[in-house]
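# Provided below are the primary sequence and the corresponding predicted coordinates.
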Amino acid sequence: AHFEAVSPTLLSLEHQSIKPIHHSSNINNNNDMSSLKQQISSAFQSVGTPLSSTLLSQITAISTSLRLTPTQLVEIWESHSLTKNLDALNDVTLGGYRTALAKVAGVDSASKNVAVISGTGLGKRTAPGGDVTPSPMAKRANAATTSTPANNAQQQRDGLSAVDNLTTPKGPASPPSKQRQPGSASSAAMVITPPKRTLKYADRTSSGAVVTSYNPHNLPTAAEVIASKPSDEKERIASHRGATISHHPSATHPQSTYRHMFTPLEKRSAALEERLSSMSNAICDAYKIKNEDEEMVECMEGVKGEDNGMGTWTPVGLPMQNKVLCVGRICNEAHEGRLNRASIRLEGSRQHSAGSRIQLDLQGLVTGSNDTDTDQKPQSYSFFPGQIVAVEGINSSGRTMQASRLLEGVSPPQETLKKSELLDYQYGSENQNGNPLSIVSLCGPFTTKDNLEYDPLVDAIVQISQDKPDVVIMCGPFVDARHPLVAGGEPTVTDNDGNERKVSYEYLFATKISGLLEEMYEKDPEMKTQFVLVPSMDDAFLDAVYPQPPLVDRPAGIKVPKSIEGEFDNLGLHYIELTGREKTPKESRPQRVHCMSNPCTLRINDVTIGITSTDVLFHISSDECNANLAPGTRLARIAQHLVQQRSYYPLFPAAKGASLDLGRAKEWEMPVQPDILIVPSKLASFAKKVMGTTVVVNPGELTKNTTGGTYAVMDVHPMTREVLEKGVKKEGFEGDESMGTGVQDRVRVDIKRI
């Protein structure tokens, strides 16, 4: 394959629309065809490339079919001839030139980097007969225009409010038709292939349908519970209902930006060693595994310890004739390619095993046949690189262990709360007041691949404004760096007058995400719904590093030129907090938007929720090796690894595109076992219980290429008041009993189509 160098002339041509040639109404008119030939001949002669009559006819036919002007033909020829070092255009070089013409004509500016941006789009979903009022950004634009009429044009270009003067097409312009017109020179040889129809977002079916659910106790939805209340009770619920959102007190996730990717090699190595050591200690403590020294001390002191039926802990790589147990990290011997049964290695710690690696013979583990244990049953396994496990078996040679038992890690401690806290969260008048806690999870990308309209997000926000859930968790990417209209560089905005200008990625976020939420709150300032924003490594305006700090607006005190003041690092989040309550004191305004890190561990009322927007399920799935798994359990088993490994990203080496800052490895650890674990992925959506008390939810992506995707609705019902009041002292609530939250038994999860 040849990669042609692109000249500045051709580069500028690729960033403009291919405009049709304006001939007369009849393309077959001989006078018009002769005129076009003369124009093409003159254009080529002006650059010293005369054309023969036969060649001129062929190029004229190409010009007509590809809708290229004579000037464009010449510019493409100059670029092509310089790249290929050609001296003349003849029958021999025509084939390559025709390919270059088709390549440029098929690249439409709208499908590359040019986008035309409109307002938020929320007004387009108003009820029939309703008034469409200007958006908050439009009002700011009008106020700015009125105050400084002399700078009207400049403010429309530079300010955040300019979004309302722009219009968005429903998709990129179609490439010029390749069909020959009747009577053209090459019409007889042209074969027309019908275009492949791509499903569009507007053509989707089953909108609102439930794809899958988790509802083991047949609980009603929160909407059904509230609908059954009397009308006066519904109004009281709407006015007092609220949720308390906070960081988990045990979490160590980043709270602000940091200097990343400057960790020296020795610190990265130390981070890996520390994680292996801490997980090894946790596994030994959980399963009461002892080493030889501890067993000897117990024997000398006459203390008979609990017999757990497991072998003695031994460093990896130490030859032993009896059954032992080794703890180490799963590695891939091949270094490249997917992990398989033949390439699985167990790596020990530097402190105890000097980093030794041994091969794992899994035949006895899978088949259940073992010389030392005839009653052993076949065991399933699921391995991936970076996983820390305990393996029991015999390692007589010091190089290969015949595995007979596998421990795939240990979950972090479970969350417990005092009964008085649970009672206040679930039945307090300013909290749930006996009603379910409703949480919606939306995961990006939020716009389809063929435009930047953000129509799926607009429809989701319209549904949210009707249902009024307590919390909406939005995981990025908000401005997807993989989007065709974003990947080429800065998107180009075109207004109604045809003027184009480049805008920043922050500008897209401010207009399409913040602007949409701002408009929703302006229509209903008393709305109690709160939003949690979690960034993604695929966000074009953020650093692609894991862990990711929370989203922040431009820090105060930074001075930027006025020409870019409206969009430089300005995410527009502060407008969301102000709209509809400008006269309310700041201390009396409940926070509407909570910016969290990726990953993060939250506490929403009494529910602990773990979130990571990185597609760790897909990353592990691409490099996982398993056997004897029950049908339909693979995705749940992969999600279970996150809990067992006490990490939101246990895979190492990381997948391509995932940049881990190992110096901050502790900041993506899982501090407690979450009640709900949200892991967005391009894999199939699901909601399943793992490790006894954790409900793992993959809401799916809100968009799938050019059509709609899915989102999740989670309704957490309260416990019975009698259970919570039992044992709680009325005076000061001292001496409260602590208990588990039991969310897995009182939550309903519905994954729906947008």
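Looks like it arrived, so ask away.
# counting contacts, what elements does the helix or strand harbouring residue 269 pack onto?
Assessed by DSSP states H and E, residue 269 sits inside helix 265-287. Helix 265-287 is packed against strand 324-332, helix 350-353, strand 388-394, with contacts defined by 3 or more CB pairs under 8 Å, 6 or more residues apart in numbering; DSSP states H and E. The C-beta positions use only the backbone N, C-alpha and C, and glycine is treated the same way.
# Taking strand 388-394 as reference, get the angle to the longest one.
Using axes from the mean of the first three to the mean of the last three CA atoms, to 10 degrees, the interaxial angle of strand 324-332 with respect to strand 388-394 works out to 130 degrees.
# Note down every partner strand of strand 324-332 and its orientation.
Here strand 324-332 is paired, per DSSP bridges, with strand 312-313 (parallel), strand 344-347 (antiparallel), strand 388-394 (antiparallel).
# buried sites along it?
324-332 (16 or more other CB atoms under 10 Å).
# what angle separates the helix holding residue 269 from strand 388-394?
60 degrees.
# Wait, a strand at residue 748?
Yes. Counting by DSSP: H, G, I helix; E, B strand; the rest coil, residue 748 is found in a strand.
# Would you agree residue 715 is in contact with residue 226?
No. Counting by CB atoms under 8 Å, residue 715 stays clear of residue 226, with 10.4 Å between them.
# So the two - more neighbours on which side?
A direct count of neighbours by other CB atoms under 10 Å for residue 715 and residue 226 places residue 715 higher, at 25 against 19.
# Helix, strand or coil: sort out residue 464 for me.
helix.
# Now do it against residue 527, distance only.
As judged by CB to CB, to the nearest Å, residue 464 and residue 527 stand 9 Å apart.
# For the two, list the residues in contact with both.
Common neighbours of residue 464 and residue 527, using CB atoms under 8 Å, 6 or more residues apart in numbering, are residue 520.
# And for residue 386, nearest residue in space, chain neighbours not counted?
Once flanking residues are discounted, residue 386 sits nearest to residue 652: 3.2 Å by CB to CB, 6 or more residues apart in numbering.
# secondary structure class for that neighbour?
Assignment for residue 652 (three-state DSSP): coil.
# thought it was touching residue 268?
No. Counting by CB under 8 Å, residue 652 stays clear of residue 268, with 10.4 Å between them.
# For the two, indicate the residue with more neighbours.
Neighbour count, other CB under 10 Å: between residue 652 and residue 268, residue 652 has more, with 19 against 15.
# what's near enough to touch that one?
Contacts of residue 652 by CB under 8 Å, 6+ apart are 272, 329, 385-386, 660.
# Swap in 10 Å and give it another go.
Taking CB atoms under 10 Å, 6 or more residues apart in numbering as the contact definition, residue 652 lies against 272, 275, 329-331, 384-388, 660, 662, 665.
# any weak-confidence spans in the stretch 51-200 of the chain?
106-198 (pLDDT under 70).
# Residue 359 pairs with what?
residue 345, residue 400.
# Look at it and report its pLDDT.
At residue 359, the pLDDT value in this model is 95.
# Surely it and residue 346 touch.
Yes. Using CB atoms under 10 Å, residue 359 and residue 346 qualify as a contacting pair, with a distance of 7.9 Å.
# Could you check which of those two has the larger neighbour count?
residue 346 (26 against 17).
# how close does that one sit to residue 517?
In terms of CB to CB, residue 346 sits 49 Å off from residue 517.
# do the same with residue 527
10 Å.
# Show me whatever sits in contact with both of these two.
Joint contacts of residue 527 and residue 517 (CB under 10 Å, 6+ apart) are 464, 592.
# just to revisit the earlier point, would you show me how to pick out the buried ones of the contacts of residue 652 in PyMOL?
Typed into PyMOL, the next command selects the buried ones out of those (criterion: 16+ other CB under 10 Å):
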select buried, resi 272+275+329+330+331+384+385+386+387+388+660+662+665
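# now the contacts of residue 652 in TSV, with distance to residue 458 and pLDDT?
Converted to TSV, the contacts of residue 652 look like this (distance: CB to CB, whole Å; pLDDT from 0 to 100):
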residue	distance to residue 458	pLDDT
272	45	95
275	43	96
329	46	97
330	45	97
331	47	96
384	38	96
385	41	96
386	40	96
387	41	97
388	44	97
660	35	94
662	40	94
665	39	95
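# Which helix or which strand is home to residue 687?
strand 686-690.
# Sorry, wrong one. I was asking about residue 577.
Using DSSP H and E, residue 577 falls in helix 573-578.
# next one: that helix to chain centre, how far?
24 Å (CA atoms, centre = their mean, to the nearest Å).
# how about it: buried residues?
573, 575-577.
# shaky segments in the stretch 351-500 of the chain?
Looking at the stretch 351-500 of the chain by pLDDT under 70, you get 370-375, 492-498.
# redo that, cut-off 90
For the stretch 351-500 of the chain, residues meeting the criterion pLDDT under 90 lie at 364, 366-378, 419-420, 428-433, 450-453, 485, 487-500.
# can you give me the helices for it?
For the stretch 351-500 of the chain, helices defined by DSSP state H, counting those that start in this stretch occupy the ranges 363-367, 419-427, 455-467, 484-487.
# Which elements pack onto the third one?
Using 3 or more CB pairs under 10 Å, 6 or more residues apart in numbering; DSSP states H and E as the contact test, the elements touching helix 455-467 are helix 222-227, strand 437-443, strand 471-475, helix 515-523, strand 703-704, strand 707-708, strand 710-716.
# And the shortest one, by the same measure?
In this structure, helix 484-487 packs against helix 109-112, helix 505-509, with contacts taken as 3+ CB pairs under 10 Å, 6+ apart.
# quick one: buried residues of it?
Of the residues in helix 484-487, those buried (16+ other CB under 10 Å) are 484-486.
# Just the buried positions in stretch 261-270, please.
Per 16+ other CB under 10 Å, stretch 261-270 contains these buried residues: 263, 270.
# Kindly check the end-to-end length of it for me.
End-to-end distance of stretch 261-270 (CA to CA, to the nearest Å): 15 Å.
# likewise stretch 471-487?
Start-to-end, stretch 471-487 (CA to CA) is 32 Å.
# Same question for stretch 672-679.
With CA to CA, one end of stretch 672-679 sits 16 Å from the other.
# mind checking how far residue 657 is from residue 206?
From residue 657 to residue 206 the distance is 32 Å (CB to CB).
# Sorry, wrong one. I was asking about residue 334.
44 Å.
# okay, stretch 337-357 in CSV with CA atoms only?
C-alpha atoms of stretch 337-357 as CSV (Å, rounded to 0.1, in the frame of the first residue of the first chain):
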residue,chain,number,x,y,z
GLY,A,337,-0.8,-12.2,22.2
ARG,A,338,-3.6,-13.4,24.4
LEU,A,339,-3.1,-15.4,27.5
ASN,A,340,-3.6,-19.1,27.0
ARG,A,341,-3.4,-22.3,29.1
ALA,A,342,0.1,-23.0,27.9
SER,A,343,1.5,-19.6,28.5
ILE,A,344,0.2,-19.0,32.1
ARG,A,345,3.0,-18.3,34.6
LEU,A,346,2.9,-17.5,38.3
GLU,A,347,5.3,-14.7,39.4
GLY,A,348,6.3,-14.4,43.0
SER,A,349,7.3,-11.3,45.0
ARG,A,350,10.8,-9.9,45.0
GLN,A,351,10.9,-10.0,48.8
HIS,A,352,10.1,-13.7,49.3
SER,A,353,10.6,-15.3,45.9
ALA,A,354,13.2,-13.0,44.2
GLY,A,355,10.6,-12.5,41.4
SER,A,356,10.7,-16.2,40.3
ARG,A,357,8.2,-17.5,37.7
